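Visitor: Sequence plus predicted model, see below.
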Number of protein chains: 4
Amino acid sequence: MGIGTKRLRPRKTPVQARSVETRDRILDSAARVFSAHGYAAGTTNRIAAEAGLSVGSLYQYFPNKDAVLVELVRRHVADGTRHLVDALGAGAPGSLEDWVGLLVDAMIANHRDDPGLHQVLFEEAPRPPELLAELHGLEDRAVVVVAGILRSLPEVRVDDIDTAARFVVVTVESLVHRVVATHDPALDVATFRDELVTMLVRYLTSPR
Amino acid sequence: MGIGTKRLRPRKTPVQARSVETRDRILDSAARVFSAHGYAAGTTNRIAAEAGLSVGSLYQYFPNKDAVLVELVRRHVADGTRHLVDALGAGAPGSLEDWVGLLVDAMIANHRDDPGLHQVLFEEAPRPPELLAELHGLEDRAVVVVAGILRSLPEVRVDDIDTAARFVVVTVESLVHRVVATHDPALDVATFRDELVTMLVRYLTSPR
Amino acid sequence: MGIGTKRLRPRKTPVQARSVETRDRILDSAARVFSAHGYAAGTTNRIAAEAGLSVGSLYQYFPNKDAVLVELVRRHVADGTRHLVDALGAGAPGSLEDWVGLLVDAMIANHRDDPGLHQVLFEEAPRPPELLAELHGLEDRAVVVVAGILRSLPEVRVDDIDTAARFVVVTVESLVHRVVATHDPALDVATFRDELVTMLVRYLTSPR
Amino acid sequence: MGIGTKRLRPRKTPVQARSVETRDRILDSAARVFSAHGYAAGTTNRIAAEAGLSVGSLYQYFPNKDAVLVELVRRHVADGTRHLVDALGAGAPGSLEDWVGLLVDAMIANHRDDPGLHQVLFEEAPRPPELLAELHGLEDRAVVVVAGILRSLPEVRVDDIDTAARFVVVTVESLVHRVVATHDPALDVATFRDELVTMLVRYLTSPR
DNA sequence: CATGAATGAGGGTTCATTCAT
DNA sequence: AATGAATGAACCCTCATTCAT
């Protein structure tokens, strides 16, 4: 399901430690190369060279260029998820504002790691359907978590918590992406963060 | 002014009706081709063929592929601006909610024309600095307009109207883009629109 | 003979004054364009534009680009011949050294008119066989003239006057071309001229 | 040094025997193709095909078409230099006439290898400034060598040996080029050679 | 497993030439 | 005669992918 297509499945399931390490090295250099040169100019030769390998070797770990991309996205998403889980799962922050702040900060952190790479991965590069499906799945999980939190907070007053949760997730993701990726000189990240938190809190607590 | 670089300036300034028409036909087919195949696969030959011309003719109207793209963006932006001006300038809608609704609807209309094209134009394709500058200029103008409206409405309560105006503009743009471009099965456009309006109204009117 | 090929014959024999004038205008601009941009970058469109015409009109006076080139060479050669005839036919200069000086100076004058054009015409551009034949014919005529002069001068002592005459013609042409066309910083034209005259005089007068 | 521009530097410095061989094969076929078709019609595809390779391979050894040309010129010049050094360095030929004959013969040999190629290389094709500079350097070195020889010969009587040496070098080069490259039916190479030697000897030995 | 030379389809772009007006 | 838009073959070059070693 999803990633089952033969075209994108890794050629070998890495069981030996050495293989895993090489695979990761390739992904790391792919990240650097894409981030620095963009998707189109991120050639497989460049990636291999950056990893200290020959192209041939790269093709023993990934069936084609897109597979590298997909794996990169997957890794990036996993990192993001970990950021979020770590942040939200750390303890009971108390107020809604605290929760929302946590959410926004985690998302910002996630994008800040490497804005260039993020832009390539989520805008410039072609995203095969299996990737989109996976991203939607991730969004769904995030919505579930957020909905759970919202339900636990008495100050939250919305008609439909699930809808609100999804809207919050999408909003945070889109806006953070927009602000970190675009280098908008008119928008300072700190004040942006505060306005975003304010907006979301008001959205979730205003009386009908 | 703006895109003054020789590299991207249209090759002939069309004065005769025939030329203008051909130019537009090229842009129309470019829109269709980019939308259907993406930027990289949208070859100049394909665009020309789709327009019922030969490549050579395309290059009599545009100095290179990127210039076609730039012109397309510019046309798209002009359309969007017209949408907005028409909507906001039509009359005095009265309440803040009406105004915000107008803004959101205009933006949705703008994206709905051709979501695929929008995605190519603003994400996938390379955007030369001139274009980015122009887009920032557009955003600035929108912020000025919105700030003017906010200032005229007594129910608006924010610390800094300019910051709020920019935040509103960016939010509407980003979220509408996200929802219309991405085919998120879990997000219905109608309810999304209502939630967005609600959120913005609350953001702008809640007591501090 | 020679220029009889259909491919290069001018499309119309210009009988009306207007036509002749336009033809010349085209050749003039071709000269300017070739000289400034080289043969490859001297496009027919550029030539026509420089002449204040459309490409279509150019093709009513010349069947193709090469025909323009050929005509240009022919004109250039005719000018050169006139230079030479004027110089050598002016009167009786007397000594061999005077004659040789005249020959060399005429050749230098001929090249100096437009070194860039000369280089394009005689090096860079493709020279169809009919052109080569014509140039050889020109050389032959020059050899005859020079041989006549040599024969009339008592100080000339060579075994075979015809061979010597041809050798002189070729030498003058080649060396002048070389020095004027190439911008050799180590070779001053004035001293070069003197050395050349000296060399030729010695060649023609030394005792066996 | 010399051709330092990135644009023309060979793509890989060949260290393995295989690579060197392929590189040479490409240059050889480039020589054949340029010689037969001229520069403009000597397409990279044709060159690659003639070498039994695909275009892609050609571009692994040379960054662009001009780089092939430059390398060809350099090789040609190196061959010529070797010809000359071998000839002049072989021993003490004795008389001035012997020396001059050696020089002329070496130059003829150099051009005879492939007259067509020579014409393309030094006339038709675009010569980047780096190349011109290098050629001037070569000329300078030749002038130094010739001047040294002239100085050692008592029969030489000229005012300025350096000027004379340069004049001799330029003359030999230009005339040999002219005669070998042009297929002048009226000029037999053997008699041309004798006349040239005669002329130079007289130039260098006649009493003032 | 690794290497890197080789492949070749395909892309952007130019320009001599034609032809409808 | 003149125009200039239109044509399209041909060019240079790139890069994902393969394969002999």
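Guide: Cool, the structure landed. Numbers count the residues shown, from 1 in each chain, chains lettered A, B, ... in the order given.
Visitor: For the residue nearest in space to the middle of chain A, which non-adjacent residue is closest in space?
Guide: With distances taken as Cα atoms, centre = their mean, A:Val77 lies nearest the centre of chain A, 4.0 Å away. Among residues not flanking A:Val77 along the chain, A:Leu138 sits closest, at 5.6 Å (Cβ to Cβ, 6 or more residues apart in numbering or on different chains). For glycine as for every other residue, the C-beta is placed from the backbone atoms N, C-alpha and C.
Visitor: ok, so what distance separates the one you found from A:Ser57?
Guide: Look at A:Leu138 and A:Ser57: by Cβ to Cβ, to the nearest Å, they are 31 Å apart.
Visitor: can you tell me the helix or strand for the residue nearest to A:Val77?
Guide: helix A:129-152 (DSSP states H and E).
Visitor: Residue in chain A with the shortest distance to chain C?
Guide: Using Cβ to the nearest Cβ, A:Ala41 is the residue of chain A that sits closest to chain C, at 29.3 Å.
Visitor: For A:Leu138 and A:Ser57, indicate the residue with more neighbours.
Guide: Under the criterion of other Cβ atoms under 10 Å in any protein chain shown, the comparison of A:Leu138 against A:Ser57 puts A:Leu138 first, with 18 against 13.
Visitor: Now do the same for the more buried one: its pLDDT.
Guide: Looking at A:Leu138, its pLDDT stands at 86.
Visitor: try A:Ala49
Guide: A:Ala49 carries a pLDDT score of 96 in this model.
Visitor: which SSE is it in?
Guide: Assigned by DSSP H and E, A:Ala49 belongs to helix A:44-50.
Visitor: Which positions in chain A make contact with DNA strand F?
Guide: A:Ala40, A:Ala41, A:Gly42, A:Thr43, A:Thr44, A:Asn45, A:Val55, A:Gly56, A:Tyr59, A:Asn64, A:Lys65, A:Asp66 (Cβ under 7 Å from any atom of the strand).
Visitor: Present those residues as TSV; the columns should include secondary structure.
Guide: As requested, the residues of chain A next to DNA strand F are exported to TSV (DSSP: H, G, I helix; E, B strand; the rest coil):
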residue	secondary structure
A:Ala40	coil
A:Ala41	coil
A:Gly42	coil
A:Thr43	coil
A:Thr44	helix
A:Asn45	helix
A:Val55	helix
A:Gly56	helix
A:Tyr59	helix
A:Asn64	coil
A:Lys65	helix
A:Asp66	helix
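Visitor: Among the residues you listed, which pair sits farthest apart?
Guide: Maximum pairwise distance among those (Cβ to Cβ): 22.4 Å, between A:Ala40 and A:Gly56.
Visitor: More neighbours: those two, which one.
Guide: Remark: of A:Ala40 and A:Gly56, A:Ala40 carries more neighbours, 14 against 8, as counted by other Cβ under 10 Å.
Visitor: tally of neighbours for A:Thr191?
Guide: Around A:Thr191 sit 13 other residues, with neighbours defined as other Cβ under 10 Å.
Visitor: Next, count neighbours for the closest residue to it other than its chain neighbours.
Guide: In space, A:Thr191 comes closest to B:Thr163 once its chain neighbours are excluded; the distance is 6.5 Å by Cβ to Cβ, 6+ apart. Applying other Cβ under 10 Å, we find 19 residues neighbouring B:Thr163.
Visitor: Following element in sequence after the helix or strand that contains B:Thr163, please.
Guide: Using DSSP H and E, B:Thr163 falls within helix B:161-181. Moving toward the C-terminus from helix B:161-181, the next helix or strand (DSSP H and E) is helix B:189-205.
Visitor: List the contacts of the nearest residue to A:Pro126 once chain neighbours are set aside.
Guide: Computed as Cβ to Cβ, 6+ apart, the closest residue to A:Pro126 that is not its neighbour in sequence is B:Gly38, at 6.6 Å. Residues near B:Gly38 by Cβ atoms under 8 Å, 6 or more residues apart in numbering or on different chains: A:Pro126, B:Val120, B:Glu124.
Visitor: Could I get the buried residue list for the helix or strand harbouring the residue nearest to the centre of chain A?
Guide: A:Val77 belongs to helix A:65-89 when assigned by DSSP H and E. Neighbour counts using 16 or more other Cβ atoms under 10 Å in any protein chain shown place A:65-77, A:80-81, A:83-84, A:87-88 of helix A:65-89 among the buried residues.
Visitor: A:Ala41 versus A:Gln47, what's the distance?
Guide: Gln isn't right for residue A:47; it's Ile. Distance of A:Ile47 to A:Ala41, computed by Cβ to Cβ: 11 Å.
Visitor: Which one's more surrounded, the two?
Guide: Between A:Ile47 and A:Ala41, A:Ile47 has the larger neighbour count (other Cβ under 10 Å), namely 25 against 11.
Visitor: Isn't that one up against A:Leu58?
Guide: Yes. Under the criterion of Cβ atoms under 8 Å, A:Ile47 makes contact with A:Leu58 at 6.5 Å.
Visitor: which residues do these two both contact?
Guide: By Cβ under 8 Å, 6+ apart, the residues touching both A:Ile47 and A:Leu58 are A:Ile26, A:Val68.
Visitor: What distance do you get for the closest residue in space to A:Leu58 that isn't next to it in sequence to A:Val73?
Guide: Residue nearest to A:Leu58 in three dimensions, not counting chain neighbours: A:Ala48, with 4.4 Å by Cβ to Cβ, 6+ apart. Using Cβ to Cβ, A:Ala48 is found at 20 Å from A:Val73.
Visitor: How about A:Met199?
Guide: Per Cβ to Cβ, A:Met199 is found 29 Å from A:Val73.
Visitor: Show me what residue of chain A gets nearest to chain D.
Guide: Using Cβ to the nearest Cβ, the single residue of chain A nearest to chain D is A:Asn45, 10.6 Å away.
Visitor: Contact partners for the nearest residue to that residue once chain neighbours are set aside?
Guide: Spatially, and ignoring its direct neighbours in sequence, A:Asn45 is nearest to A:Val55 (5.3 Å; Cβ to Cβ, 6+ apart). By Cβ under 8 Å, 6+ apart, A:Val55 lies in contact with A:Thr44, A:Asn45, A:Ala48.
Visitor: Now render those residues as a markdown table, adding neighbour count.
Guide: A markdown table is the format used below for the contacts of A:Val55 (neighbours: other Cβ atoms under 10 Å in any protein chain shown):
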| residue | neighbour count |
| --- | --- |
| A:Thr44 | 17 |
| A:Asn45 | 12 |
| A:Ala48 | 20 |
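Visitor: of these, closest to chain B?
Guide: Closest to chain B out of these is A:Thr44 (15.4 Å), distances taken as Cβ to the nearest Cβ.
Visitor: quick one on the thing from earlier: who are the packing partners of the helix holding A:Ala49?
Guide: Helix A:44-50 sits against helix A:17-37, helix A:55-61, helix A:65-89, with contacts defined as 3 or more Cβ pairs under 8 Å, 6 or more residues apart in numbering or on different chains; DSSP states H and E.
Visitor: Export those helices as a markdown table, with columns for mean pLDDT and distance to DNA strand E.
Guide: Converted to a markdown table, those look like this (pLDDT from 0 to 100; distance: least, Cβ to the nearest atom of the strand, whole Å):
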| stretch | mean pLDDT | distance to DNA strand E |
| --- | --- | --- |
| helix A:17-37 | 92 | 4 |
| helix A:55-61 | 96 | 2 |
| helix A:65-89 | 87 | 13 |
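Visitor: No further queries at this time; thank you.
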